[in-house]
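[1] Fold the stuff below for me.
(chains A and B)
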Number of protein chains: 2
Amino acid sequence: MMSVYGGVEAGGTKVVCAIGSSPDKLEDETMFATTTPQETIDRTIDFFQQYQRRKPLSAIGVGSFGPIDLNPASPTFGYVTATTKPGWDNTEFSGRISRALGVPVAFDTDVNAAALGEATWGAAQGLETFIYMTVGTGIGGGGMINGQLLHGLMHPEMGHLRIPHDLDQDPYHGACRFHGDCFEGLAAGPALVGRWGHRPEELPQDHPAWKLEGHYLALGLTNLICTLSPQRIILSGGIMQHEALFPMVRRNVQRLLNEYLRVPAILEQIDGYIVPAALGNRAGVLGAIALARKMIR
Amino acid sequence: MMSVYGGVEAGGTKVVCAIGSSPDKLEDETMFATTTPQETIDRTIDFFQQYQRRKPLSAIGVGSFGPIDLNPASPTFGYVTATTKPGWDNTEFSGRISRALGVPVAFDTDVNAAALGEATWGAAQGLETFIYMTVGTGIGGGGMINGQLLHGLMHPEMGHLRIPHDLDQDPYHGACRFHGDCFEGLAAGPALVGRWGHRPEELPQDHPAWKLEGHYLALGLTNLICTLSPQRIILSGGIMQHEALFPMVRRNVQRLLNEYLRVPAILEQIDGYIVPAALGNRAGVLGAIALARKMIR
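    Residues are numbered from 1 along each chain as shown, chains lettered A, B, ... in the order given. Sure thing, here's the model as predicted:
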């Protein structure tokens, strides 16, 4: 019998759950708002329990907003830890799902799950070292290095990079509760709302917000390129739905690197180097299924 | 018969060559200035040829200043490429040594070689994911992720990160030929000379240069921590010989992260998290021997 997996993409605003084994073999799917931990985790468990009454699940993968504890030796392994999301600070997550459903649960960041999804079925197939970054209500980054998901001491928190902030050009103080004008504090959705008084989707194509956004995104990506030397950077999230950002970001990255990194991928083929997610907004939940698959295989 | 290896640490100012199999089993060693490519590579070859007249070498490891080409499929594999070092732009390096001596040559960045040295015999033993960074005439970083040296599209160029630069506090424009006030442009030796008119070793303990240096180093490290989530950061190089920088950098990193990353290594044990190289200025050449060993084993 073919194995069937559950996938959970737990974002700061919504949760997507799916059941299946690959993008074209999904048996069920649901989506609901991320509310309190109790309600949110209960709804997640309910969805999979209904399936389990009919058929077994082999494993579940959870890609979660963070920060999360990924250290198996830690007493808070599988928890959401110092999050900015109200009510979720220090909340057990993967363990509750695993105990309630009686199946193994693979746990990782939402962005690492999505990165694995893109590596398995999307824009990172065949790559050993790449970055997946989402720019929406926050900025998060994950990826693979030499074919393995990036973890380390904890996990990357790429949104909290410090980048140059020219206060004459942009006097906005930044929206990050921890760091003020870090990358996320300058370039995620709340910064656009705080700076311009409008939500990103309300800003017209020719609004100066987009030029500044393209500048900050390029600064962040330049730092990631200098640190990780990725073979490709995959961008997703609400802000990246503004497609005109892609050519701006590519041009700005080239300008910032100033031909220091003499590789064709950056000098000549940057359109294939900084790309949108091939799985679109399904990278996260599909990646969560890939996490579960990887745990069993 | 036990294998004997050659190690070459090729820096921008000097080359160190050694022969042996571990720190306590070195048979010979030499050091000379990095001059023209022809003269420098000839001297390197001479040193090992003299040894080969008596005994065989199994392999040689070269840790080189960069940027370098590490892609085995590239026509310029083993070359120094777009370097700021006069005369060395686009110079074949490892291939010339390998052909002249008739032995396999492992080639990597100076900082990845040093990182491997620290992983094998020094401050990174037992770690899977860590950074090795040197701060001297330039800033370079390497390291291991999940137990493998970090390469990717090319190799990291951590000195060329962009960090905040408060022009009111520090009007110095930066010393990087490619990027002006990037991390290296603000915090490596030439920036100290350009900003203060003195070489780092001439600046007294209480000179304001050190406080500013500690600030920039902490900004760079914060970005590396947010991106790579290392289990430890090892610092070396001429500038880091000013030991008072270590407590300053640790305190500034904690302040910049502002308890966002709630891990004991950063919150409570940062003295063991940001540390000097255990192999000191021998990390590079010993790491080059480790590179050669790893190639054969």
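[2] who does the helix ranked longest in chain A touch, helix- and strand-wise?
    Taking DSSP state H as the criterion, chain A has its longest helix at helix A:208-228. With contacts taken as 3 or more CB pairs under 8 Å, 6 or more residues apart in numbering or on different chains; DSSP states H and E, helix A:208-228 sits against strand A:130-135, strand A:139-145, helix A:183-187, helix A:189-196, strand A:233-236, helix A:245-257, helix B:208-228. Backbone N, C-alpha and C define where each C-beta goes, glycine included.
[3] Pull out the buried positions in it.
    By neighbour count on 16 or more other CB atoms under 10 Å in any protein chain shown, the buried set for helix A:208-228 is A:209-210, A:212-228.
[4] Please enumerate residues in contact with stretch A:67-87?
    The contact list for stretch A:67-87, computed with CB atoms under 8 Å, 6 or more residues apart in numbering or on different chains, reads A:12, A:34, A:36-37, A:64-66, A:88-95, A:105, A:107-109, A:138, A:151, A:154-155, A:157, A:177-178, B:259-262.
[5] May I see the ChimeraX selection of the buried members of those residues?
    To isolate the buried members of the contacts of stretch A:67-87 in ChimeraX, using 16+ other CB under 10 Å:
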select /A:12,34,37,64,65,66,88,91,92,93,94,105,107,108,109,138,151,154,155,157,178 /B:260,261,262
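[6] In a strand, residue A:260, correct?
    No - read with DSSP: H, G, I helix; E, B strand; the rest coil, residue A:260 is coil and lies in no strand.
[7] mind listing what it touches?
    Contacts of residue A:260 by CB under 8 Å, 6+ apart are B:67, B:82, B:157, B:160, B:178, B:179.
[8] what's the closest of these to residue A:22?
    Within the contacts of residue A:260, proximity to residue A:22 (CB to CB) peaks at residue B:157, which comes in at 37.4 Å.
[9] Next up, the contacts around the closest residue to that closest one other than its chain neighbours.
    Nearest in space to residue B:157, with sequence neighbours left out and distances taken as CB to CB, 6 or more residues apart in numbering or on different chains, is residue A:226 at 4.7 Å. For residue A:226, the contact set (CB under 8 Å, 6+ apart) comprises B:156, B:157, B:158, B:159, B:160, B:161.
[10] Just among the residues you listed, which is most surrounded?
    residue B:158 (30 neighbours; other CB atoms under 10 Å in any protein chain shown).
[11] Disregarding flanking residues, what is the spatial nearest neighbour of the residue of the stretch 51-200 of chain A found nearest chain B?
    Closest to chain B within the stretch 51-200 of chain A is residue A:152: 3.2 Å, counting by CB to the nearest CB. Of all residues beyond its chain neighbours, the one nearest residue A:152 is residue B:229 (3.2 Å), with distances taken as CB to CB, 6+ apart.
[12] what about the one you found, how many residues close to it?
    Using other CB under 10 Å, residue B:229 has 22 other residues around it.
[13] isn't it right next to residue A:151, touching?
    Yes - using CB atoms under 8 Å, residue B:229 is in contact with residue A:151, at 6.7 Å.
[14] shared neighbours of these two, anything?
    residue B:129.
[15] Spit out the contact partners of the most centrally placed residue in chain A.
    Geometric centre of chain A, nearest residue: residue A:111, 2.8 Å, by CA atoms, centre = their mean. Contact partners of residue A:111, counting by CB under 8 Å, 6+ apart, are A:63, A:132, A:133, A:134, A:140, A:141, A:142, A:143, A:156.
[16] Could you dump the residues you listed into JSON lines and include distance to residue B:17 and pLDDT?
    Converted to JSON lines, the contacts of residue A:111 look like this (distance: CB to CB, whole Å; pLDDT from 0 to 100):
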{"residue": "A:63", "distance to residue B:17": "49", "pLDDT": "98"}
{"residue": "A:132", "distance to residue B:17": "42", "pLDDT": "98"}
{"residue": "A:133", "distance to residue B:17": "42", "pLDDT": "98"}
{"residue": "A:134", "distance to residue B:17": "47", "pLDDT": "96"}
{"residue": "A:140", "distance to residue B:17": "45", "pLDDT": "95"}
{"residue": "A:141", "distance to residue B:17": "40", "pLDDT": "97"}
{"residue": "A:142", "distance to residue B:17": "41", "pLDDT": "97"}
{"residue": "A:143", "distance to residue B:17": "37", "pLDDT": "97"}
{"residue": "A:156", "distance to residue B:17": "37", "pLDDT": "95"}
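[17] and chain B, which of those reach it?
    Among the contacts of residue A:111, the residues within reach of chain B (CB under 8 Å from any CB of the partner chain) are A:141, A:156.
[18] In a markdown table: the contacts of residue A:111, plus distance to residue B:125.
    Converted to a markdown table, the contacts of residue A:111 look like this (distance: CB to CB, whole Å):
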| residue | distance to residue B:125 |
| --- | --- |
| A:63 | 33 |
| A:132 | 31 |
| A:133 | 33 |
| A:134 | 36 |
| A:140 | 32 |
| A:141 | 29 |
| A:142 | 27 |
| A:143 | 26 |
| A:156 | 24 |
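[19] Secondary structure class of the residue nearest to the centre of chain A, three-state.
    Classification of residue A:111 using three-state DSSP returns helix.
[20] if I look at the residue nearest to residue A:152, how far off is residue A:172?
    With distances taken as CB to CB, to the nearest Å, residue B:229 is found 28 Å from residue A:172.
[21] for residue A:232, same thing?
    Taken as CB to CB, the span from residue A:232 to residue A:172 is 31 Å.
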